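K.L.:
got a predicted model here, sequence first, then my questions.
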Amino acid sequence: MKLGRLNHVGVATPDIDASIAFYRDVMGANDITEPFVLESQQVRVCFVNTPGENGTAGTQIELIQPTSPDSAVGKWLAANPLGGQHHLCYEVPDIHEAKAWFESQGKRVLGEPRIGAHGTLIFFVHPKDMGGQLTEIMETPKGGH
Ligand SMILES: CC[C@H](C(=O)O)C(=O)SCCNC(=O)CCNC(=O)[C@H](O)C(C)(C)COP(=O)(O)OP(=O)(O)OC[C@H]1O[C@@H](n2cnc3c(N)ncnc32)[C@H](O)[C@@H]1OP(=O)(O)O
Ligand SMILES: [Co+2]
């Protein structure tokens, strides 16, 4: 498998509007997308775009607020009420090759690849098999960033 760029850091929050104000007013972010609900993942999500180099896209902070306490992020927030780093997302050129690779390494791939918040195929690998890090794998968008 060929590891691509770190596409985003997933940051869970109990209040996405307060987190947007924090990234804008404290962190000086000037490129934050409008939040939208991704019902399939029971999250309200937006992206804080950080500057890249030489005109390339930088890594994003993916702010995720659960729409239900029974969701993956809702459960995580119950144990981490302030929120914080929830997962890392790396790009790969071929999502199906990557899934086969992680399974060959004995890592638990959570479900079949599905369309994620960036509109490309993604899957997650269980944190207990990844040194404690919930890891999202995402197919590199065809048109780049
Ligand atoms: C914006 C949408 C975008 C997209 O999908 O495109 C997203 O990124 S959505 C993000 C939300 N979706 C997910 O996180 C899907 C993948 N996650 C899961 O399937 C579950 O959260 C899972 C399987 C990792 C844990 O679910 P479970 O029901 O087993 O919850 P437990 O609380 O029992 O956790 C078991 C065990 O894992 C530890 N854990 C849970 N979440 C995390 C995490 N984010 N990072 C690290 N470790 C995590 C938890 O502490 C438990 O450990 P233990 O030692 O047993 O207490
Ligand atoms: Co994500």
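P.N.:
Good, I have the coordinates. Residues are numbered from 1 along each chain as shown. Ligands and ions are numbered 1, 2, ... in the order given.

K.L.:
quick one: low-confidence ranges for this structure?
P.N.:
144-145 (pLDDT under 70).

K.L.:
how about the residues of it that lie near ligand 1?
P.N.:
By CB under 6 Å from any ligand atom, the residues of the chain that approach ligand 1 are 10, 38, 41, 43, 45, 62, 64, 72-73, 75-76, 86-87, 110, 116-117, 122, 124, 126-128, 132, 134, 136. Heads up, the C-betas are built off the backbone N, CA and C, glycines and all.

K.L.:
which among those residues end up buried?
P.N.:
Restricting the residues of the chain next to ligand 1 to buried positions leaves 10, 41, 43, 45, 62, 64, 72-73, 76, 86-87, 116-117, 122, 124, 134, 136, with burial counted as 16 or more other CB atoms under 10 Å.

K.L.:
residues in contact with the host helix or strand of His86?
P.N.:
Take DSSP states H and E as the rule and His86 turns out to sit in strand 84-92. Under the contact criterion CB atoms under 8 Å, 6 or more residues apart in numbering, strand 84-92 has outside partners 1-12, 62, 64, 73, 76, 98, 122, 124, 133-140.

K.L.:
what's the answer for stretch 43-57, then?
P.N.:
Residues contacting stretch 43-57 (CB under 8 Å, 6+ apart): 8, 16, 20, 23, 27, 29, 31-38, 58-67, 71, 73, 117, 145.

K.L.:
for the residue lying closest to Ser40 once chain neighbours are set aside, give the beta-bridge partners.
P.N.:
Closest residue to Ser40 apart from its sequence neighbours, by CB to CB, 6 or more residues apart in numbering: Arg114 at 7.4 Å. Beta-bridge partners recorded for Arg114 (DSSP bridges): Ile122.
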